[in-house]
Structures are given as C-alpha cells and as structure tokens.
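K.L.:
I'll drop the sequence and a predicted model, then ask my questions.
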Amino acid sequence: MVKPLCEALVKDHDEKLTKNILSAVQKLLNLDEQYKDCFVGYDSISSTIEQVQGFDMIEKLATSHPNNDVYILAQEIMQRYRDSGSSRFAEDSELDIIMPNHN
C-alpha cells in the first residue's frame, strides 16, 4: 500500500489528487508514530517510505511544487516525519515554510 501511494506522488495529477495522496501518506505516518510500539519486529511505515524513496518524492514536492497547498503539506511532512529527526530535512533547522513565487 505504501509503495503505490509514494509512486503516485511523481505522477502528473491535479493539485487536489496530489494533496489527497500526501494526506494519506501523512495519516499513515501519524499511525506509525502513534503505534510505534506495535511495530516491534516489523518495518515501520516511515522506514518503508524511506526504502521506496517516498521521502525523496515528497521532498521534491516540498521544494518545487507550483501549488502552495501541496508545497506546504509536503514541507510539513518532511519536517515532522522524515527519519524521525535524523534526516537531512529534519536536521535543517533553517527550513522555513516559504511560499514559492509562481508568477
């Protein structure tokens, strides 16, 4: 389920569908965080997303998506979940949510 969701992030969809996919990924990550003790002996959702390069796909949306809502949601996901604080995004304390200029 995680891999197809992540792969869908790089497809050319309208903003609404892309936002819905990101929201689904975010909900899975929320569950992962909330029930992390239940995943003992199994790969967490976060590590599965990392394995399928899902965070790389989300990072691309977080740095260059033309729709501000998608851009902000992707940044929020990266800041909160990527590798539980050990990733390059989570380590970057200077990352602010900045609206891209799309003129």
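P.N.:
Structure received.

K.L.:
Ser23 sits in which helix or strand?
P.N.:
helix 15-34 (DSSP states H and E).

K.L.:
state the distance spanning the first to the last residue of stretch 53-72.
P.N.:
20 Å (CA to CA, to the nearest Å).

K.L.:
give me the buried positions along it.
P.N.:
54-55, 57-59, 61-62, 65, 67, 70-72 (16 or more other CB atoms under 10 Å). Just so you know, the C-beta spots here come from the backbone N, C-alpha and C atoms, and that holds for glycine as well.

K.L.:
and the residues you listed, which is the shakiest by pLDDT?
P.N.:
Least confident of those in the model: His65, at 89.

K.L.:
quick check: it touching Lys19?
P.N.:
No. Contact criterion CB atoms under 8 Å: His65 and Lys19 do not qualify, at 9.9 Å.

K.L.:
gap between stretch 26-37 and the chain center?
P.N.:
13 Å (CA atoms, centre = their mean, to the nearest Å).

K.L.:
any idea which helix or strand in this structure has the lowest mean pLDDT?
P.N.:
One helix or strand of the chain scores below all others by mean pLDDT, DSSP states H and E: helix 88-91, with a mean of 38.

K.L.:
what's the neighbour count on the nearest residue to Ile45 once chain neighbours are set aside?
P.N.:
In space, and not counting its chain neighbours, Ile45 is closest to Asp32: 3.7 Å by CB to CB, 6 or more residues apart in numbering. Applying other CB atoms under 10 Å, we find 20 residues neighbouring Asp32.
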